[in-house]
Structures are given as C-alpha cells and as structure tokens.
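Engineer: model this:
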Amino acid sequence: MPIQLFAFDTPNGRKISVALEEMNLPYEVQVVDITAGEQLDPVFLQISPNNKIPAIVDPDGPDGQSISVFESGAILLYLAEKSGRFLPADVRGRVAVLEWLMFQMSSFGPAPGQVHHFIALASEEDKRYGLTRFMAETRRLYGVMDRRLAEHAFFAGDLSIADFAVLGWVWRHPRHQVDLKDFPHVLRWYETLMARPAVMRGFAVSLRR
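Structural biologist: Numbers count the residues shown, from 1 in each chain. Okay, here's the model as predicted:
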C-alpha cells in the first residue's frame, strides 16, 4: 500500500515529495491546507502532535504494522532506512549526513523562514529589524553551504537525505532575496539536483488543491 503524505506546498513538504520520488517509494498526497487552518484538525493532530506538515502514514511499517511519522527530518530518516538509500551504513558517512541534516533543521530553515515572515508584513517599520537580522543570517548560512560545496559534490559526499532537506529551502531562494550567483557552488549543486528526473517529479506533484 502507498505511503500517505500529508503536506502542503512548502519547503518542508517538498523535501518529502522529492525524497519519495528519489527513493521510488509509492505514495499518495493528502493536502493539508495550512492557509485554511487544516493542520489544526483534531484528526491530523493524531498524526502530527505539533500540528505541522509534513507527516506520513506508512501502512507497511515495521513488522507490517502501520506507523505515522511527523517532523520532516524524522520522516527523511525513516524513509532512508525503509528504502535503504541515501543514508550510508558506515559511521563516518552517516555522521556527515546527520550533521548536514541537523544543520538544515536547526539553522537553514528557521532563519529563512523568518525572512518569509517579515518580508510579508505590510508595515515597513515592522519589517525593518526582522529583515535586517534574518536576511543577514540567511546569507551567512548560504556562505557556510557554499564553502562546503566548494569541496564536495553534495553535502555529505554522496547524494543523501541531507541534500533533499536543504534543497526544499534553497528552492525558495527568490523569496529569501538571495541571488544564487553570489554563491556559485550552491548554484552548481542546486542546478544539478533540479535537473534530476526524480527531483523534477517531486516538485511537479501537486501539494495544493
């Protein structure tokens, strides 16, 4: 039976649709319209206790029993374990993937997410401080990534779930008001991933009604 993906058209939602396509795991999308407050539905709360997308339900989970998973990083780890792909078995390789996955979850997500918030405000006065602070931090994080990718084709050496995690947020670089030409190694990496057929499918799948 296909995995049920509960998601919306956001960076975190796209992380999972891309990963599912790259892992060739069958899935069906259940759109959770966060603009309409559907993430607050008590039924969805049983799947995602934090009322956030994405979440999945895998009817064929461990021991053949259904399992639900919330939080995009946990979902990526679960899917990598299930498929046996994009997460190395050797400790050094695995640590590198986990480092960059946690980098995305703790930094390159929260900072540009604040840019998304402040840039949408109508009041210029309300915008000013938040954008100054979080756009500077977002650009710093792009610099961190650019230095890493100057020496590696992908974040952890080989293509991994860390790349899928970061990709969802780099996809929104126009909204961050970041020109990827300022970060040529990130640009090279981004164009390489976006040219992959499975990634194209992951971004093409509709996550809106």
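Engineer: wait, a helix at R133?
Structural biologist: Yes. Counting by DSSP: H, G, I helix; E, B strand; the rest coil, R133 falls inside a helix.
Engineer: so what are the domain limits for this structure?
Structural biologist: The record's domain split for the chain, according to automatic domain parsing, is 3-86+198-204, 91-196.
Engineer: please state the offset of stretch 15-23 from the chain centre?
Structural biologist: In terms of C-alpha atoms, centre = their mean, to the nearest Å, the centre of stretch 15-23 is found 10 Å from the chain centre.
Engineer: with stretch 19-39 instead?
Structural biologist: Its chain's C-alpha centre lies 12 Å from the corresponding centre of stretch 19-39 when counted by C-alpha atoms, centre = their mean.
Engineer: can you pull the buried residues of that stretch?
Structural biologist: Within stretch 19-39, the residues that qualify as buried by neighbour count (16 or more other C-beta atoms under 10 Å) are 19-23, 25, 27, 29-32, 34, 38-39. All C-beta atoms are positioned from the backbone trio N, CA, C, and that covers glycine.
Engineer: could you dump those into JSON lines and include distance to P62, pLDDT and secondary structure?
Structural biologist: What follows is the buried residues of stretch 19-39, written out as JSON lines (distance: C-beta to C-beta, whole Å; pLDDT from 0 to 100; DSSP: H, G, I helix; E, B strand; the rest coil):
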{"residue": "A19", "distance to P62": "19", "pLDDT": "98", "secondary structure": "helix"}
{"residue": "L20", "distance to P62": "18", "pLDDT": "98", "secondary structure": "helix"}
{"residue": "E21", "distance to P62": "23", "pLDDT": "98", "secondary structure": "helix"}
{"residue": "E22", "distance to P62": "22", "pLDDT": "98", "secondary structure": "helix"}
{"residue": "M23", "distance to P62": "17", "pLDDT": "98", "secondary structure": "coil"}
{"residue": "L25", "distance to P62": "15", "pLDDT": "98", "secondary structure": "coil"}
{"residue": "Y27", "distance to P62": "18", "pLDDT": "98", "secondary structure": "strand"}
{"residue": "V29", "distance to P62": "23", "pLDDT": "98", "secondary structure": "strand"}
{"residue": "Q30", "distance to P62": "22", "pLDDT": "97", "secondary structure": "strand"}
{"residue": "V31", "distance to P62": "27", "pLDDT": "98", "secondary structure": "strand"}
{"residue": "V32", "distance to P62": "24", "pLDDT": "98", "secondary structure": "coil"}
{"residue": "I34", "distance to P62": "29", "pLDDT": "97", "secondary structure": "helix"}
{"residue": "E38", "distance to P62": "28", "pLDDT": "97", "secondary structure": "helix"}
{"residue": "Q39", "distance to P62": "26", "pLDDT": "97", "secondary structure": "helix"}
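Engineer: give me the distance between the residue with the largest distance to the centre of the chain and L131.
Structural biologist: Most distant residue from the mean C-alpha position of the chain: E125, 30.8 Å away (C-alpha atoms, centre = their mean). E125 is 11 Å from L131, where distance means C-beta to C-beta, to the nearest Å.
Engineer: what's the helix or strand for the residue farthest from the centre of the chain?
Structural biologist: Element membership of E125, judged by DSSP states H and E, is helix 124-151.
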